[in-house]
Structure formats: structure tokens, C-alpha cells
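# Coordinates for the following, if possible.
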Amino acid sequence: MHLTHCSPQQQAAIDEIRQLLQVSNEQLHTLVHGFEKEMDTGLANVEGQSGDLKMIPSYVTGYPTGNEKGTYLALEISGVDIYVCQVKLKGEGGKLAINQYQYEIPDDLSTGDDISILIDYVADCVSDFQRRVSGSSSSSTNKNPQTVSTHQKQSSPSDQTVYSMAISLGFAVRQTGLDRGTFIALEHGFEYPNVIGRDVVDLFQSRFQAKGLNVRIVAIANAHAYQHPATRIGIVHNIGTNCAYYEKVGNIDKSLVQQQQQQGEDLNNDMIISTEWCNFGSRRGIGHLPMNRYDHLVDGESNNQGIHIFEKMTTGMYLGEIVRQILVDLVDRQILSFQTDDDDGDCLLRTPYHFDTSYMYVCEADDDWENLEDTRVVLEEMCKVDETTQADREIVKKICELVGQRAAMLLGANIASVVKHMVERGVGLNRNSDGFAIGEVPSSFYLLMNNTGFSKNN
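Predicted structure coming up:
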């Protein structure tokens with residue numbers, strides 16, 4: 001991994017960083033088997049035995065066919081973004097039409113004394129959305145909604161029509177039924193003291209009714225399988241991360257099994273489980289994840305220290321901050337030649353979270369090997385550092401690549417663990433198939449699968 005313009009001292013520093021960010025085959029095995037153990041612990045839900053993974057049952061069993069029909073609403077809260085959707089299922093093998101709008105939660109609503117204030121804002125967004133899809137010219141001017149995508153204009157809903165809605169929240173929820181669940185924790189900087197332990201659907205439904213919305217919440221759910229009936233695993237990996245997969249009802253904790261038996265549920269049926277894998281690697285003394293000193297800095301300076309370690313090592317919320325911590329260290333050690341302590345105080349590299357994860361992509365994709373111009377723009381114009389050398393830019397580009405590659409390997413290891421768990425238990429396999437489909441995935445994922453005893457054809 002020789003960098004063309006680097007001095008021996010700079011090259012040695014990069015080799016050190018590479019070692020810190022490298023994930024060995026032995027570590028991959030530890031990750032895969034450790035994740036499987038955490039899955040089993042979470043599924044067992046034995047009192048007094050806590051693990052990293054909550055393994056929350058969704059109470060959704062079976063698989064869609066792609067022939068279902070109807071018009072439904074969906075609400076997703078992801079970080080500070082709110083997405084409201086109207087989905088018309090047309091059947092015909094998964095055809096659908098979508099109207100979707102995006103809203104942003106203001107900073108002053110991320111904390112407070114009463115969660116109802118935030119939910120009232122969400123209700124206003126839903127109301128604004130319904131006016132938009134009904135063709136009304138009126139809209140909420142203080143929400144600044146942004147159209148994300150509109151595939152087909154929907155017909156105007158009747159004032160008397162009550163629409164079924166599914167909600168998906170970026171908060172930890174302990175589900176106790178398809179439309180029942182209690183808040184376990186708030187994340188991504190949200191803090192309301194009166195929310196923990198309260199029922200999600202009751203909170204949202206009561207505020208929606210107070211606002212006069214013609215909406216009935218029928219499910220706490222995530223869905224992708226309508227258009228792709230072979231889907232067995234769903235993953236969200238962006239600002240935050242989570243994974244849901246199918247599990248045999250009979251493998252879930254005893255109290256739920258007894259409940260399902262009483263309701264006549266076949267224990268061989270498959271139920272969607274939310275792993276809440278963002279928290280993997282968080283228990284002290286277990287050491288599933290290969291954390292280094294930069295990871296500990298990011299965790300220690302976060303507003304949720306000691307939890308969500310997997311999220312902090314792999315997602316868009318934190319990857320740019322890992323790079324920034326490394327760059328600041330290399331500046332302090334005079335490995336990088338540019339200065340960050342200017343007299344005017346304009347330099348932003350020492351500002352936490354200013355090196356956005358999107359900058360990593362720009363640097364990684366910079367193929368102007370003569371000048372690395374895009375990398376220069378990120379450093380000198382976006383981060384306001386002093387003039388950079390070609391060697392500086394090479395180092396920054398390489399660090400972005402190393403941090404990104406490690407994140408991909410850790411994510412791949414978790415995916416491999418879930419797939420291995422399902423295959424060994426026969427989950428998601430129909431009677432006429434020797435396996436189930438995995439969509440387009442990077443070649444490194446197949447390397448991980450081979451390292452854990454599976455072949456690409458399984």
C-alpha cells in the first residue's frame with residue numbers, strides 16, 4: 001500500500017493506521033460467532049441474561065405474495081427526517097404506486113418535557129401530506145416539505161375514508177403485538193423523559209385523533225417483500241442501522257411461544273424479528289468488535305456513550321467523524337503538513353462532525369491522480385485547512401478508503417451471521433428450494449460467507 005508522494009515517516013504512519021483498521025479472518029470468525037450467540041441470547045429473553053441484541057418480535061408472520069391490493073399510508077421517522085407515504089398496492093406481482101413527501105424535525109423539537117409536542121408536529125406533517133395528495137392547494141408553510149418522489153398521482157381521498165397506516169420509528173420499541181409496542185429508548189439525540197414505557201400506537205393515535213386525521217394505525221412494521229416476495233432479510237444502513245429477518249415462532253422466547261399457541265399460531269410459521277443490531281458490541285468485557293483508540297474517542301465524545309457501538313463504527317452518522325479524529329491526530333503528529341489552528345478561527349477540521357461522511361465518498365472517488373483536486377476542495381474549501389500537498393491528499397484519500405472498507409467488512413460479517421443462523425435452522429426456505437435469494441451484494445460478502453463455512457451456491 002505504497003503512496004507515491006509520501007515520505008517514509010508518512011508511509012509508516014499510514015501503515016499503522018491500516019493495521020488499526022484491518023479486520024483479520026480470525027476477527028471475522030469472532031464477529032460472526034459472537035453475533036450468533038447474541039442472537040440466541042436475545043431470542044431466549046431469559047430474565048437476568050441480557051445481551052446486545054433486543055431481537056424484538058414483530059408479530060408479523062407469513063410472506064406477502066405480491067397480489068395484495070389496497071391503498072395504505074406509511075409513516076417513517078428516521079433520525080431527524082419524517083417520511084409520509086401513500087401506497088397503492090395494485091397486485092399483479094407486486095405493482096404499486098407511491099406518493100411520498102419528506103419533512104424535517106426542527107432542532108428545538110429533539111428534546112423537551114412532553115413527547116406529545118413532537119408527535120403533534122408529526123401529525124401536522126401527516127395532515128399536510130393528506131392535503132397535498134388530495135390535490136388541495138393549501139399546505140403548511142412552516143414545515144418546508146420536500147418532495148422525494150412521486151411515481152403516480154393518487155386519486156383524492158374521501159373525507160369519510162379512514163386510511164390504515166403502518167409506522168416505522170427510528171427508536172427502540174418493544175413490540176407486544178402487530179399494533180402494540182412500548183418505547184424502550186430514544187436515539188439520535190432525542191430526549192423526552194415521559195416516553196419510556198408508553199405505548200407507541202396509543203400515543204400517536206391519540207394525537208392523530210386530536211388533530212382530526214382520518215388515519216388508523218394498524219401496524220408497527222417495515223416492509224419490502226411486496227415487490228420482492230423472495231425477501232427474507234431487510235436491512236437499513238444509512239445514518240443509523242438495523243436488520244430484520246424471519247425466525248421460526250418456536251425459536252422465540254417461551255412466553256411469546258405460549259401466547260402464540262393460545263392464539264392457534266403454528267410454531268413452524270416464520271415471524272419477522274427486529275434485531276436492533278445497532279447496539280452490537282456494546283457490552284463491556286465481551287470484545288466482539290475490534291475497536292481502536294479512534295473508536296473510543298468517537299464513543300467517548302458522543303451523547304450516548306457505551307451503546308450503539310456497531311452503529312458508531314459503520315454508519316453515516318459517525319464514519320466521517322472517525323476520519324476526522326484520525327486526521328486531527330495526524331496533524332498533531334505533523335504527519336500531515338497543513339495547519340488547522342489559524343488565527344481567524346475559520347478552520348473547521350477540529351470541529352466535531354464537520355468532516356461529513358459524504359466527504360469520504362468524494363475523496364474515495366477522486367481519480368485525478370495528478371492533483372487529487374476533489375480531495376483538495378474537501379480539505380481546503382470545505383474544512384478550511386491551510387494549503388495541502390499532494391502527499392496530504394493521498395493520505396486523506398487512503399484513510400477514507402480504510403475507514404469505509406472496515407465498515408463494509410463489519411456490516412458484511414453481521415449479514416453473514418444472520419444468513420448462517422437462518423440457513424442452519426431452515427428459516428425462510430420453502431419446500432421446493434435449497435436456498436433463498438440474496439440480492440446484489442459486494443464480492444466481499446461472499447468472501448465472508450466462505451470464511452464461515454458457506455459457499456456462494458448455498
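
# Helices of the stretch 101-250 of the chain, residue ranges please.
Secondary structure of the stretch 101-250 of the chain by DSSP state H, counting those that start in this stretch: the helices cover 116-133, 200-210.

# Which other helices and strands does the last one contact?
Okay, so that is helix 200-210. Contact partners of helix 200-210 among helices and strands, from 3 or more C-beta pairs under 8 Å, 6 or more residues apart in numbering; DSSP states H and E: helix 116-133, strand 163-169, strand 180-185, strand 215-220. For every residue, glycine as well, the C-beta is placed using N, CA and C.

# how about those, which one is nearest Asn303?
Set against Asn303 and scored by C-beta to C-beta, the helices and strands packed on helix 200-210 come closest in strand 180-185, at 12.7 Å.

# Mind giving me the packing neighbours of the closest one?
strand 172-177, helix 200-210.

# which residues sit against the shortest one?
Pointing back at strand 172-177 there. 54, 56-59, 181-187, 200, 220, 274, 276 (C-beta atoms under 8 Å, 6 or more residues apart in numbering).

# thinking again about what came up before, for the helices of the stretch 101-250 of the chain, please prepare a markdown table with the additional fields mean neighbour count.
Formatted as a markdown table, those follow (neighbours: other C-beta atoms under 10 Å):
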| stretch | mean neighbour count |
| --- | --- |
| helix 116-133 | 20 |
| helix 200-210 | 18 |
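
# Where is pLDDT lowest across the contacts of strand 172-177?
pLDDT across those is lowest for Glu187, at 72.

# Quick check, that one in contact with Ser302.
No. Glu187 lies out of contact with Ser302 (C-beta atoms under 8 Å); the separation is 11.2 Å.

# Can you show me the strands along the stretch 201-350 of the chain?
215-220, 233-237, 241-248, 270-274 (DSSP state E, counting those that start in this stretch).

# Tell me which of those lies nearest to His29.
strand 241-248 (19.7 Å).

# what packs against the closest one?
strand 233-237, strand 270-274, helix 309-314, helix 390-425.

# Strand 233-237 and that one, what's the angle between them?
Interaxial angle, strand 241-248 versus strand 233-237 (axes from the mean of the first three to the mean of the last three C-alpha atoms, to 10 degrees): 170 degrees.

# any idea how far stretch 196-216 is from the chain center?
Remark: stretch 196-216 is offset 25 Å from the chain centroid, using C-alpha atoms, centre = their mean, to the nearest Å.

# ok, residues contacting it?
73, 115-116, 119-120, 122-124, 126-127, 130, 157, 159-165, 167, 169, 173, 179-186, 195, 217, 220.

# From Gly94, how far out is the closest residue to Glu92 other than its chain neighbours?
Spatial nearest neighbour of Glu92, excluding adjacent residues (C-beta to C-beta, 6 or more residues apart in numbering): Asn67 at 7.3 Å. From Asn67 over to Gly94 the distance is 8 Å, taken as C-beta to C-beta, to the nearest Å.

# which of these two has more neighbours?
Gly94 (17 against 14; other C-beta atoms under 10 Å).

# ok, the more buried one to Gly70 distance?
14 Å.

# re the thing from before, closest one to Glu401 among the helices of the stretch 101-250 of the chain?
helix 116-133 (38.5 Å).

# helices or strands up against the closest one?
strand 69-78, strand 81-91, strand 95-104, helix 200-210.

# need the ones you listed in CSV with distance to Ser50, can you?
Listed next are the helices and strands packed on helix 116-133 as CSV, based on distance: least, C-beta to C-beta, whole Å:
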stretch, distance to Ser50
strand 69-78, 26
strand 81-91, 31
strand 95-104, 35
helix 200-210, 22
